[in-house]
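[1] Predicted model and sequence follow; I will ask about them next.
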Amino acid sequence: MKTIFLVDDSATILLSISGILSKAGYGVEKAPSALDALKKFQAGVKVDLLITDLNMPGMNGIEFIREVRKLPNYRFMPILFLTTESQQSKKLEAKAAGATGWIVKPASADELLNTIKLVMR
Amino acid sequence: MDEITSVFVTESREQLAALESALLQLEHNPGDDDTLNAIFRSAHTIKGGAGVIECTYIVSFTHVVENVLDTLRNREITLDADLIALLLACGDHMGQLLGVLEAGASAPDEELSAEGEALLQRLQAGKGASTQAPNTNPTAGTPAAFDALIESSGGGAVETDCWHISLRFGPDVLRNGLDPLNFLRYLGEIGHIERLETVADAMPAAAEMDAERCYLGFEISFSSTADKAAIERVFDFVRDECTLHILPPHSRLNDYFTLINALPEDLMRLGEILVRVGALTQHELDEGLSAQLAPLAGAAATDAAAPTQAPQIGEILVEHKVVQPELVAAAVARQKQVSENKAAEARLIRIPADKLDRLIDLVGELVIAGASVNLLASKSGSEALTEATSLTGRLVESIRDAALQLRMVQIGDTFNRFHRVVRDTSRDMGKEIELVISGGETELDKSMVEKLGDPLMHLVRNAMDHGLELPAVREASGKSARGRLELNAFHDSGSIVIEVVEDGAGLNRERILAKAIERGLVQAGQALTDAEIYNLIFEPGFSTAAQVTNISGRGVGMDVVRRNIQGLRGSIDVSSEPGKGSRFAIRLPLTLAIIDGFLVGVGEAAYVIPLDSVVECIELSAEGSERDYVNLRGEVLPLLRLRQLFGMEGELPSRQNVVVVHYAGSKSGIVVDQLLGEFQTVIKPLGSIFRHIKGIGGSTILGSGEVALILDVQALVQRCASKEAQHVPGAARALPTTSRS
């Protein structure tokens, strides 16, 4: 089973997305903040894809992506970020940090799963 | 309400509280970027959540607010007091919208919508915020250049009815976690890949190859019923870093040559590839080549390494290249920003409150069961068994403490709500008031915190309305124009004390006394201490406000405040000094459910005294058995005989004991027959018919299965004190019976 790591400070988003993912047969790991997630990464959590929010208190998503990419085991893991912003600059910034792609909130279950299919190895 | 909605409502209320306190912070510190970001993030999170649960009225309102916050964050507009007030009002409105959602209504009623509309207009009027509906179309933001690439630009149409996709991956694709093969797999889901050629011309010699770099490209002939947008979307994530061309079926020959020229590979080789994937026939290729080569005057045709000299292509490439420097610039700019705010975030788990209550109940039962095991063990006389039960006893005690700790929340959040109240109210009244909060980290039972909100609100409003004076009045009496209002919380001998302190005019002793006499609460000429007079304001129906204002209510307040506090097994007390201000102190037990008790026996019955209030135990000497007080190391200790108080029959035992208890600075002695020792007690409430019995706080079940009553020490100590004051006023004055601190 493929496992997806979900990082978002919003409990609403965590709950709704993890619901969709588990129904689609993915394993789900969750963390409410970048720092919590990094701890799990440093502990070597086995995940196949990371989905993270960009706008989070503490460490923001872009910095978080940059940190994850520094970890040897996760250099080539697909990373999607959640965004509501249609601005190109946010996307470019995140991509420059090492993100693979994005999901525009609010996404329907189909959009979400299709996007995951596109990047999941 | 389903689970997601209720999570959303809870979360959004927290975000609103954060938004409000951040806005208030901004008022003092307008340029603070972190705070601005935090505000934006709160609005953003609410909008995001609302989008997930498809609550359109919250999305559309929050969207405009978010836009204004965004322009603020980007320094396009500046923040002034009016805008803060407006944003605060917007926050309130969002709270009301959440209420609508919670109530299960499909949309806000007309009045509320109108209010929201008015707020939005004010927001937009002053600030020129974008009014566009939130853009949910994921393909928004497509670079214009991209569309230009698939427009036809002349020449005859080619024969194939397949799409042609030409793709050269950027070097960082692998490093960004993308697998190039995924695109092919995904294309296979929305159509059929007819033919495919892998272009690996960019691949260097093995020695120079960087295994993490992507050197590959594809030329794909693709048949599909999907539309242009759907095919484009597949490449959304790589569009900025790859060279991508999509030609629709039956594109013109010129388009293909534009494509060929735009690609880095050799012209002739590409031509061959296109023929191989079936995009072009050999005939079309030849025709196109001759048409292309003619106007280029030979140079570009032979030197295929510089195809960018072809005029139209050059433009397109420029369009494309703009993207790259931007990308780099963004990355560099971002790296400069050092992370500042890595504050430790609380790690939280949300648990429904009733699960917690169930746990506390079970722990309560465990404590009772443990007591009965203890009793049996000590009766059995088996040493090993006693030892084992005492170990379990200790563990149960730890479990009890840990379980109770789960219900504890900090009072800080409740206190912080008052920033807004104080700000708004002081403006309304034309007073300058500074709110100082201390001890916000003090923890108390969550159910208690909830019930404290109203009484605290009343006290704070009272302090602002009646306590603190207008700036002019304050200056006239030699004080600073700015009044000071304090909210304090701290622990004090097993209770939690919450204080509302102000440095206003103080209570008017004479007026309170006159009013109390007028209302028949006390007799004229009755000897009363200052403290007793001040505390008269808690009597039902008492109000000294010369003018009733809408701030502090209509004089029905203070007795209700006291009743609420007493409902929490707490007490409230006021002290005041003319011209210096007043201090309202609420005293609450640490927890509502389980206490450490001290078990005593009177006749056949057992009673429990909360251990927190027990100071010491002494034997009642023969000389003290006749009097109502004893000499405790030079101090007069008033006695309270339970046997008398509860009208119990039976022979006096040969020896009686005194349990010295204290409450809020007063000490009394409770006379009992036997001292039975410490005992963990689960408080079971008494039925409502016992509610009016003074001196009993609840009941509990002993290990033996018997019922024991829990004494209400506060009521007993007060009874002692009032007995002194009423019956022997002279004596009470002459002797410092209690050490008031």
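    Structure received.

[2] Checking my notes, residue B:595 in a helix, right?
    No: read with DSSP: H, G, I helix; E, B strand; the rest coil, residue B:595 is strand and lies in no helix.

[3] Surely it touches residue B:679?
    No: using Cβ atoms under 8 Å, residue B:595 is not in contact with residue B:679, being 9.6 Å away. For every residue, glycine as well, the C-beta is placed using N, CA and C.

[4] quick one: average pLDDT of the helix or strand containing residue B:720?
    Assignment of secondary structure by DSSP states H and E places residue B:720 within helix B:713-727. When pLDDT is averaged along helix B:713-727, the result is 69.

[5] got the contact list for the nearest residue to residue B:701 once chain neighbours are set aside?
    In this structure, residue B:701 finds its nearest non-sequential neighbour in residue B:368, 5.4 Å apart by Cβ to Cβ, 6 or more residues apart in numbering or on different chains. By Cβ atoms under 8 Å, 6 or more residues apart in numbering or on different chains, residue B:368 lies in contact with B:682, B:700-701, B:703.

[6] Who has more neighbours out of residue B:595 and residue B:679?
    For residue B:595 and residue B:679, the more surrounded residue by other Cβ atoms under 10 Å in any protein chain shown is residue B:595, and the numbers stand at 26 against 22.

[7] how much space between the more buried one and residue A:97?
    Going from residue B:595 to residue A:97 by Cβ to Cβ, to the nearest Å gives 55 Å.

[8] Would you point out the helix or strand in chain A whose mean pLDDT is lowest?
    helix A:88-97 (a mean of 82; mean pLDDT, DSSP states H and E).

[9] That one packs against which elements?
    helix A:61-70, strand A:79-83, helix B:311-336 (3 or more Cβ pairs under 8 Å, 6 or more residues apart in numbering or on different chains; DSSP states H and E).

[10] Among the ones you listed, show the one with the smallest mean pLDDT.
    In terms of mean pLDDT, the lowest-scoring of the helices and strands packed on helix A:88-97 is helix B:311-336 (a mean of 37).

[11] and chain B, what are its domains?
    B:3-127, B:144-328, B:353-407, B:409-589, B:594-734 (automatic domain parsing).

[12] Now do the shortest one: distance from first to last residue.
    Distance across domain B:353-407, first residue to last, is 9 Å (Cα to Cα, to the nearest Å).

[13] roughly how far is the helix or strand hosting the residue nearest to residue B:701 from the heart of the chain?
    Assigned by DSSP H and E, residue B:368 falls within helix B:353-380. Relative to its chain's centre, helix B:353-380 lies at 33 Å (Cα atoms, centre = their mean, to the nearest Å).

[14] now swap in stretch B:193-204 and tell me
    54 Å.

[15] That one spans what distance, first to last residue?
    28 Å.

[16] Please apply the same query to stretch B:558-576.
    End-to-end distance (Cα to Cα), stretch B:558-576: 16 Å.

[17] Run through who's touching it.
    With contact meaning Cβ under 8 Å, 6+ apart, stretch B:558-576 is reached by B:448, B:451-452, B:454-455, B:458-459, B:462, B:495, B:506-507, B:531, B:534-535, B:537-542, B:582-589, B:592, B:664, B:697, B:712, B:714.

[18] just checking, which of those belong to helices?
    Using DSSP state H, the members of the contacts of stretch B:558-576 that fall in helices are B:448, B:451-452, B:454-455, B:458-459, B:462, B:531, B:534, B:714.

[19] Columns distance to residue A:37 on top of the domains of chain B, output as CSV?
    Formatted as CSV, these follow (distance: least, Cβ to Cβ, whole Å):
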stretch, distance to residue A:37
domain B:3-127, 17
domain B:144-328, 16
domain B:353-407, 25
domain B:409-589, 26
domain B:594-734, 38
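
[20] Can you check which of those domains gets nearest to residue A:39?
    domain B:144-328 (20.7 Å; Cβ to Cβ).

[21] residue boundaries of the helices in the stretch 51-200 of chain B?
    B:56-73, B:81-102, B:110-127, B:144-149, B:180-190 (DSSP state H, counting those that start in this stretch).

[22] And for chain A?
    A:11-23, A:34-42, A:61-70, A:88-97, A:109-119.

[23] Tell me the helices and strands packed up against the first one.
    In this structure, helix A:11-23 makes packing contacts with strand A:3-7, strand A:27-31, helix A:109-119, helix B:3-28, helix B:33-52, judged by 3+ Cβ pairs under 8 Å, 6+ apart.

[24] For the last one, buried residues please.
    Meaning helix B:33-52. B:35-52 (16 or more other Cβ atoms under 10 Å in any protein chain shown).

[25] show me which of the residues you listed neighbour chain A.
    B:38, B:41, B:44-45, B:47-49, B:51-52 (Cβ under 8 Å from any Cβ of the partner chain).

[26] Which two among those are spaced furthest apart?
    B:38 and B:52 (21.2 Å).

[27] Skip the chain neighbours and tell me the closest residue to the spatially most central residue of chain A.
    Nearest to the mean C-alpha position of chain A, by Cα atoms, centre = their mean, lies residue A:51 at 1.2 Å. Leaving aside its sequence neighbours, residue A:51 sits nearest to residue A:80 (Cβ to Cβ, 6+ apart; 4.8 Å).

[28] ok, now how distant is the one you found from residue B:354?
    For residue A:80, the distance to residue B:354 - Cβ to Cβ - is 37 Å.

[29] Those two - which one has more neighbours?
    For the pair residue A:80 and residue B:354, the greater number of neighbours falls to residue A:80 (25 against 8), based on other Cβ under 10 Å.

[30] Could you give the bridge partners of the more buried one?
    Note on residue A:80: beta-bridge partners by DSSP bridges are residue A:51, residue A:101.

[31] same question, residue B:698
    residue B:710.

[32] Look up the pLDDT of it for me, please.
    81.

[33] For it, give me its contacts.
    By Cβ under 8 Å, 6+ apart, the neighbours of residue B:698 are B:683-686, B:709-710.

[34] so which pair among those residues is furthest apart in space?
    The widest separation within those (Cβ to Cβ) is 12.1 Å, between B:685 and B:709.

[35] where do the contact lists of those two overlap?
    B:698-699.

[36] more crowded one of the two?
    Relative neighbour count places residue B:709 above the other of residue B:685 and residue B:709, with 19 against 11, counting by other Cβ under 10 Å.

[37] so residue B:574 is in which element?
    Element membership for residue B:574, per DSSP H and E: strand B:571-577.

[38] related to what we said a few turns ago, specify which member of the contacts of residue B:368 is nearest to chain A.
    residue B:682 (33.4 Å; Cβ to the nearest Cβ).

[39] Residue A:17 and residue A:51 touch, don't they?
    Yes: with contact defined as Cβ under 8 Å, residue A:17 reaches residue A:51; the gap is 7.1 Å.

[40] got any residues that touch both of those two?
    With Cβ under 8 Å, 6+ apart, residue A:17 and residue A:51 have common neighbours residue A:6.

[41] How many residues are close by residue B:378?
    Neighbours of residue B:378 using other Cβ under 10 Å come to 14.

[42] Ignoring the adjacent residues along the chain, who's closest to residue B:621?
    Residue B:621 sits nearest to residue B:630 (Cβ to Cβ, 6+ apart), 7.2 Å away.

[43] related to what we said a few turns ago, in its sheet, what does the strand holding residue B:574 sit against?
    When sheet partners are counted by DSSP bridges, strand B:571-577 sits next to strand B:581-589 (antiparallel).

[44] ok, how many other residues are close to the residue in the stretch 151-300 of chain B that chain A sits nearest to?
    Of all residues in the stretch 151-300 of chain B, residue B:237 sits closest to chain A, at 3.5 Å by Cβ to the nearest Cβ. Using other Cβ under 10 Å, residue B:237 has 26 neighbouring residues.

[45] Next: residue B:492.
    11.

[46] Right, I'll call it a day here.
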